[in-house]
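*Asks:* Quick one, fold the following:
(one chain, ligands or ions: 2)
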Amino acid sequence: MNILVLGNGAREHALCYAITKSQKLTKLFCAPGNYGISNVAEVHNFDINNFDMLYDFCTEKAIDLVVVGPEVPLVNGVVDFLEAKDIKAFGPKKVPAKLEGSKIFMKDICAQYNIPTAKYKNFIEKTAAEAYLHKQTLPVVIKASGLAAGKGVTIATTLDEGLNAINDIFNDKFGSGCELVIEEFMDGEEASYFVFTDGKNYIPLSSAQDHKRIGDGDTGPNTGGMGAYSPAPVFTQAIQDQVNKEMIEPTLKAMRDLGTPYQGILYAGVMIKNNYAKLVEYNVRFGDPECQVLMLRLRSDIVELILGTIEGNIHKIHTDWNNNHVATVVIASNGYPGEYKKGTIIRSLDTAEDHENIEIFHAGTEFKNNEVLAVGGRVLSVTSSDRDLKSALENIYSAIDTIDWTESTYRKDIGWRAIENG
Ligand code: AMP
Ligand code: GLY
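*Replies:* Ligands and ions are numbered 1, 2, ... in the order given. A predicted model of the protein is given here:
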């Protein structure tokens, strides 16, 4: 098959890495891609949200399958579009993609189907949101309803912070529309859980844990994710059973009830406390950086799994994971998630890549005048697989030590909770 991956992050680099091992692959393409991805796929830089351009590309290159990495094209209906043109595409259609694209939609589904999640109220009117905020005990969580590239959530510890967050959303600061959700703050430990589903049946992927804050010890602002590891011991079999029964199954039923079954990968972000999980959010795609660690543990053919979600026979496909522990540490441009400089030079990447058991997945890189340049916020995802988490992390940090890139930042404590809890 000729396969096209859409996206330009380390997640898509990891997906390309897994797809290149597939027996079904003839030729791999990626758009818009990045420098790292160009070493494993033919990269074409065009606007993937321009569906006519995408269709022309698919026709020209005789693409049989499109694997959609990021949420924006899914929420815009890329799968509906391609399917109508008889091109197979991996991911949910426009309506079920609202589980990520509209927090109001997602919370209302939870309420209707008794899915455990934070108590909430939706607002489309500013003064009503402000009045409600005044009556809440702090901290409280304020979320833009639409897609906001990970920037639309504020955990307000003071009234002022809360009022500012409401103000930002009603000024459409995140380009996510003027609708918001105010919800109860949940404490506990977060984990990410993924299932491949054809709408009716589903198969779980192994568990993973992300590190969302920029700073060591989970401090500072939220980011897209600064590191991850798999398996995540906090996500026990009992939690998995609970999440399947109380979240995944009712959600898949809800999407069938709407007449638009959910096909693709469903990502539940959960908060675990006292051995009970509550839903924080749904995403309709792989997590980044969780995908990077999962792809190093997956032994089965990912293309067979993807086709299983599209063709409705996911339950017949066997998934096999290696027993290794995999971790990834994200190196970002200094300043991220705030302002950062673009075009700084990364040296000695080859030396780091030559380390044993190391895979480096690229996000924001470019190759110009014989130099590797950092052109994004999150730039590299240094990933390692080993017999235990500690060894994987040692491999990663010693590889990072050899990378010569001063204008960068990364967390030194990825995996700390799992190691501390033994
Ligand atoms: P979301 O976009 O809904 O995933 O929110 C981004 C991050 O904000 C989550 O991964 C959590 O770390 C945090 N968060 C969101 N909602 C809550 C909540 N109700 N209680 C505590 N933390 C939350
Ligand atoms: N790792 C968080 C996300 O992909 O949304």
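*Asks:* For the strand or helix carrying residue 104, what does the pLDDT average out to?
*Replies:* For residue 104, the host element (DSSP states H and E) is helix 103-112. On average, the pLDDT along helix 103-112 is 96.
*Asks:* what's the answer for stretch 33-47, then?
*Replies:* Along stretch 33-47, the predicted local confidence has a mean pLDDT of 97.
*Asks:* for that stretch, how far is the first residue from the last?
*Replies:* Terminal residues of stretch 33-47 lie 11 Å apart, using CA to CA, to the nearest Å.
*Asks:* now do stretch 309-321
*Replies:* The first and last residues of stretch 309-321 sit 18 Å apart, counting by CA to CA.
*Asks:* Now do the helix holding residue 104: distance to the chain's middle.
*Replies:* Per CA atoms, centre = their mean, to the nearest Å, the displacement of helix 103-112 from the mean C-alpha position of its chain is 20 Å.
*Asks:* again with stretch 58-77
*Replies:* Taking the mean of its C-alpha atoms, stretch 58-77 sits 17 Å from the chain's own mean (CA atoms, centre = their mean).
*Asks:* hmm, back to that, does ligand 1 have contacts with the helix holding residue 104?
*Replies:* No: contact between helix 103-112 and ligand 1 is absent, the nearest approach being 6.7 Å (criterion: CB under 6 Å from any ligand atom). From N, CA and C alone the C-beta is placed, and that goes for glycine too.
*Asks:* phi, psi of the residue nearest the centre of the chain?
*Replies:* In the chain, the C-alpha closest to the average C-alpha coordinate belongs to residue 287, at a distance of 2.0 Å (CA atoms, centre = their mean). Listed backbone geometry of residue 287 is phi -80, psi 150, with angles given as degrees, to the nearest 10.
*Asks:* Which residues are in contact with it?
*Replies:* Contacts were defined as CB atoms under 8 Å, 6 or more residues apart in numbering; by that measure residue 287 touches 11, 192, 194, 208, 210, 225, 228, 267.
*Asks:* how does it look with 6 Å?
*Replies:* Taking CB atoms under 6 Å, 6 or more residues apart in numbering as the criterion, residue 287 is in contact with 192, 267.
*Asks:* pLDDT at it, what is it?
*Replies:* Here the pLDDT value assigned to residue 287 is 95.
*Asks:* Next, find the distance separating it from ligand 1.
*Replies:* Taking CB to the nearest ligand atom, to the nearest Å as the measure, residue 287 falls 10 Å from ligand 1.
*Asks:* what about the helix holding residue 104 and ligand 2, any contact?
*Replies:* No: contact check for helix 103-112 against ligand 2, using CB under 6 Å from any ligand atom: none in range, with a minimum separation of 13.3 Å.
*Asks:* Can you list the buried residues in that helix?
*Replies:* Buried residues in helix 103-112, counting neighbours by 16 or more other CB atoms under 10 Å, are found at 103, 104, 105, 106, 107, 109, 110.
*Asks:* pretty sure the first one is touching residue 143, no?
*Replies:* Yes: with contacts counted by CB atoms under 6 Å, residue 103 reaches residue 143, the gap being 5.3 Å.
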